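*Asks:* Just the structure for this:
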Amino acid sequence: MSSKPTSLDPEIAARLKRSPDGLVPAIAQQYDTGEVLMLGWMDDEALHRTLTTGRATYWSRSRQEYWVKGDTSGHFQWVRSVALDCDADTVLVKVDQVGAACHTGARTCFDADVLLEDSGVAAGDQ
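*Replies:* Just a heads-up that it's a prediction; the model follows:
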């Protein structure tokens with residue numbers, strides 16, 4: 001990650017609980033349907049850019065650089081809201097997804113390998 005100082009609001013930065021490498025998981029969710037699209041990673045600077053530009057910005061662990069969703073693929077994520085979970089260790093980014101969210105070209109990263117389907121049985125009915 002970049003070692004340059006970040007412009008993230010110090011009050012937000014103080015609340016974040018980061019992994020040892022300085023990252024927090026960021027879940028991208030379609031703002032109007034609730035569809036979970038993907039999981040990315042953010043450091044303070046990526047979160048700052050996301051909050052100030054209206055475009056979802058992530059830290060690529062494999063390329064060791066920032067990437068703005070859609071810059072190369074054309075599959076943009078227009079940010080509608082950003083929230084921290086109750087422990088401040090995960091970010092929820094509600095977006096308006098244009099095109100595929102997954103690098104495979106699928107709408108979501110979570111539809112290709114379903115481990116359990118909805119059986120229609122409510123918990124406690126078993």
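*Asks:* Report the buried residues of the top helix by length along the chain.
*Replies:* The single longest helix within the chain, with elements called by DSSP state H, is helix 44-53. Along helix 44-53, these residues count as buried under the neighbour rule (16 or more other CB atoms under 10 Å): 44, 45, 46, 47, 48, 49, 50, 51. Backbone N, C-alpha and C define where each C-beta goes, glycine included.
*Asks:* Which residues does that helix contact?
*Replies:* Helix 44-53 is contacted from outside by 1-2, 4, 6-9, 12-13, 16, 22, 24, 26, 42, 55-59, 66, 68, 79, 82, 91, 93, using CB atoms under 8 Å, 6 or more residues apart in numbering.
*Asks:* Just the buried ones out of those residues, please.
*Replies:* Buried among the contacts of helix 44-53 (16+ other CB under 10 Å): 1, 6, 8, 16, 22, 24, 26, 42, 55-59, 66, 68, 79, 82, 91, 93.
*Asks:* Next one, pLDDT for residue 1 please.
*Replies:* Here the pLDDT value assigned to residue 1 is 50.
*Asks:* Fine, thanks again, bye for now.
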